[in-house]
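> fold the following, please.
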Amino acid sequence: MAFAAAPPELKLSQEGDQYTIPLGFFEGEREPMELRGSAAEASFNLPVSPRLHIHDAALDFTYTNSISLIPRSLLAVTLDKRILAQYPLKASMPDNTALVSLPAKNLFPGYRALGFRAAQHYTDDCEDGFAPELFTQIDRSQSVLRIKATPAPIQTSLARLGDVFDSRLWIKQFAVNIVAAEQSASSELLEAASLSAQGVALRLDFVPMRVSFSYAKRAEANQQGMPKVTPSSVKTNFPGFSPPPGNEDVILVGTKESLTPYLAESTLKRINSGYIGIFQADNQPSRAILVISGTNAAEVKKAAGFFSLRDMAFPERSEVTIEDLRLPENYQRAMNSVCPHKGCIYFSEFGFRNTTMRGMYPKPAELTFWAFPQMFGPQQLDFNARINFAYGAGFDKKSALNVILNGQFVQAIHLGNIAGEQFRGASIKIPVAALQDGRNVLSFLPTMIGLGQGGRCVPIFTEHLFVSILENSTIELPPMDGFMRLPDLNLFSRAGLPYTLKSDAYGSKLLLLDNSEPTLSAALTLLGKLAQVTEKTLTGIQLFSDQTTANDVRHLLVVGAVPNLNAEFKNRVSAFIPKRHWQTIQLGAYPEGIQAAADAWWARLLSWLKNPNEGLLQQTKARPASAEAQIIEGLGLSSAAIQFHANGDRNLITLFTAADAEKLQSGMERLVRHETWAELQGNGMLWDPSGEAVSHSFPDRHVYVGNIPQSARVSLFLSDRSWLTVALAGLIILLLGAVTWVILRRRAKRLGVS
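Residues are numbered from 1 along each chain as shown. Have a look, this model is predicted:
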């Protein structure tokens, strides 16, 4: 598979307290912002975190306007809809730059709407407000915000943890240090670290997170040769603790006994059960240290579990004691309602929300769902979606709601009622053949044309052009009661499946190939990402490090460097591992020869038995000509994700590996970023240190697991058992031959023919 070079990443730069941020950084969008028509407006949300104190801010932007504009045209810059500055749009000067001061007092925490409004005209008499020459472009990559900001002291309140682990910070990836007080952490303490990482990740919403795991270190003597600081000699929160270098926040995990060398005596006295406390780091008030502790490992895990529940209310205080916490096990995701049609799923179950599209050039409403053609029986050519929508009055008869699946037109719904209309259950037939394996996008793109067509001195009105798609629309897919086609890294990246079949990941385990700090950092980073994907705490997943006990785990995650794989485990790995199998690719087919002809004949017969709707003579499947390669040099700087079955397809294993633990840690930090995570597909992927996917592999066969739809059960059963299909074909031929012989013999006797 060939990969196009990705455009340069929009990066924030920082020198001291000066930030330079491209406008496209916040939306991940490099293309220019378009302002079209006589009255155009566009804005984006500028996140402002309470962890930063803004002293000064300015917008330095670049724009290009049409050369057809007349002097009445102008461009305004707005902040929360308040006009800050206005600039004339001149045909003689289409390319411009401008610098606008943003009042720092108005950049208070939250999301501030920074936008542009354009009044654009090409004539003073009888103007078409949507003439194509009315445009201005704002360059998102060249336009930047220049902000002077310093770190603000954190608020030591557990009720405001969302302001500490804050998605509004101007970062592409949030970094957190998880420090274990024990030098050899038990499985319960490792699971407490896992829950702590997930608690941070869930509070960050969609912002990727990287974890640096380490073991606690004692504070050293100062430069003047003073003795080591002890808990009894200095009145600080962490007199004996030396935080990891840098400014990243710290989560300190350990029992009361193990934390004794690091915490102040006053804090230790308050640890009598599960304990959570948030503090400013000594001498670094803008750096948070969260302490998760208890009198034993079970209480530490209980406190971490409480912290991991994002929606659990904390009191307005810096410390809290958890007396008891009961977490359910082995539970499914709760459904909000019951769909009235068989096999249907509400759009809202896929995260779709009520969406209103307005004007002549709206962005489409999109439903993203997971599916593949084999979910349906071979006789089923299409499936239905029922759309609940409404549109406004005064639409021209040429208006339509276009339905597009994965960029391909599927169907249109006519918007022909001049009085407007509300539809309930408008049926759309979607071809099964148009589905992609894995992620599918169903788009609703309206063509909205007003009744008045304009003309000389006749304006075109667009304020009435509305189309709304409701979240209680449905799509009919086979029951997803665990029915999956594996291996599939795309399914894993989108929903964490099959490891999250139970909402708490009950029954899934994560195998650590070693207990080094880089390997643990990679594992905790991965678990944080899975928590964000599922939007739930994975309290049921277990961490362990004994490879000999991995054979009986049905759904297993493995994190570790290649040298730490034992011999038995290596023999089960089928792709992307040095000195094993690298990749098999099909180069063509064998079109000639007796054997090839026989293979093609049997292939046609097998294919016809699986899909009798097609004629036997139309079935063609030549014997593939493939190349297979092995390598001995290793993965080099690349990291790998590999998914495969073991133990006769009973167990699914997803392995994340690299040449050594340090490369694995850095590779995992890149993998969990949006652009790399979205590239996971097939059964294997390699990515380079920059996060660019450099190679994929795809399995030559899949395993179907779970409650398979009745309509597809037979075809899927036979698809992996060609020998049985051949046997059935032979038996059918023999039976047909025998029946034909019997019929002919009886007819011959009646005619008196011997």
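> mind checking how far Asn283 is from Ser242?
12 Å (CB to CB, to the nearest Å). In this view, the C-beta of every residue, glycine as well, is placed from N, C-alpha and C.
> so for these two, which sits in the more crowded spot?
Taking neighbours as other CB atoms under 10 Å, Asn283 and Ser242 compare with Ser242 leading, 14 against 9.
> got the phi/psi numbers for the more buried one?
phi -110, psi 100 (degrees, to the nearest 10).
> quick check: pLDDT value at it.
Ser242 is assigned 92 on the pLDDT scale.
> also the one 3 residues further on?
For Pro245, the pLDDT comes out at 93.
> tell me the contacts of Leu69?
Contacts for Leu69 (CB atoms under 8 Å, 6 or more residues apart in numbering) come out as 89-91, 120-122, 133-134.
> in the chain, which helix or strand is least confident?
Among the helical and strand segments of the chain, the one scoring lowest on mean pLDDT, DSSP states H and E is helix 594-610, with a mean of 53.
> neighbouring strands of whichever strand in the chain runs longest in the sheet, and parallel or not?
Identified as the longest strand of the chain according to DSSP state E is strand 52-65. Strand 52-65 pairs in its sheet with strand 95-102 (antiparallel), strand 135-138 (antiparallel), strand 144-151 (antiparallel), by DSSP bridges.
> tell me the buried residues in stretch 436-453?
Of the residues in stretch 436-453, 437-440, 442-450 count as buried by neighbour count, 16 or more other CB atoms under 10 Å.
> ignore the last one, stretch 69-88
Buried residues in stretch 69-88, counting neighbours by 16+ other CB under 10 Å, are found at 69, 73-75, 77-79, 84, 87.
> avg pLDDT for that stretch?
95.
> can you check stretch 18-25 too?
Across stretch 18-25, pLDDT averages out at 94.
> how about stretch 417-431?
On average, stretch 417-431 scores 92.
> buried residues, it. List them.
Quick answer for stretch 417-431 (16+ other CB under 10 Å): 423, 428, 430.
> low pLDDT regions in the stretch 101-250 of the chain?
Counting by pLDDT under 70, the ranges of the stretch 101-250 of the chain that qualify are 185, 220-235.
> okay, strands next: where are they in it?
Taking DSSP state E, counting those that start in this stretch as the criterion, the stretch 101-250 of the chain carries its strands at 110-119, 135-138, 144-151, 174-180, 209-215, 249-253.
> of all those, which lies closest to Glu29?
strand 135-138 (11.2 Å; CB to CB).
> quick revisit: so which of the buried residues of stretch 417-431 comes closest to Ala193?
The shortest approach to Ala193 among those belongs to Ile430, at 44.7 Å (CB to CB).
> what's the average pLDDT for stretch 671-684?
The pLDDT scores in stretch 671-684 average 91.
> list the contacts for Pro32?
So Pro32 contacts 64, 137-140 (CB under 8 Å, 6+ apart).
> quick one: it and Phe165, what's the gap?
Between Pro32 and Phe165 the distance is 34 Å, computed by CB to CB.
> do the same with Glu15
Using CB to CB, we find Glu15 at a distance of 26 Å from Phe165.
> same question, Asp552
Distance from Asp552 to Phe165, counting by CB to CB: 37 Å.
> ok, the two, which is more surrounded?
When Asp552 and Phe165 are compared for neighbours, Phe165 comes out ahead with 24 against 10, by other CB under 10 Å.
> can you report how many residues neighbour the spatially closest residue to the more buried one that is not a sequence neighbour?
Spatial nearest neighbour of Phe165, chain neighbours left out: Arg203 (4.2 Å); criterion: CB to CB, 6 or more residues apart in numbering. As a burial measure, Arg203 scores 20 neighbours (other CB under 10 Å).
> who are the neighbours in contact with Arg203?
161-162, 165, 167, 310.
> what's the closest of those residues to Leu259?
Leu161 (20.3 Å).
> that closest one contacts Ile278, correct?
Yes. Using CB atoms under 8 Å, Leu161 makes contact with Ile278 at a distance of 7.3 Å.
> who has more neighbours out of those two?
The residue with more neighbours, out of Leu161 and Ile278, is Ile278; 23 against 20, by other CB under 10 Å.
> now do that one against Phe461, distance only.
In terms of CB to CB, Ile278 sits 55 Å off from Phe461.
> then Gly129?
When CB to CB is the yardstick, Gly129 and Phe461 sit 9 Å from each other.
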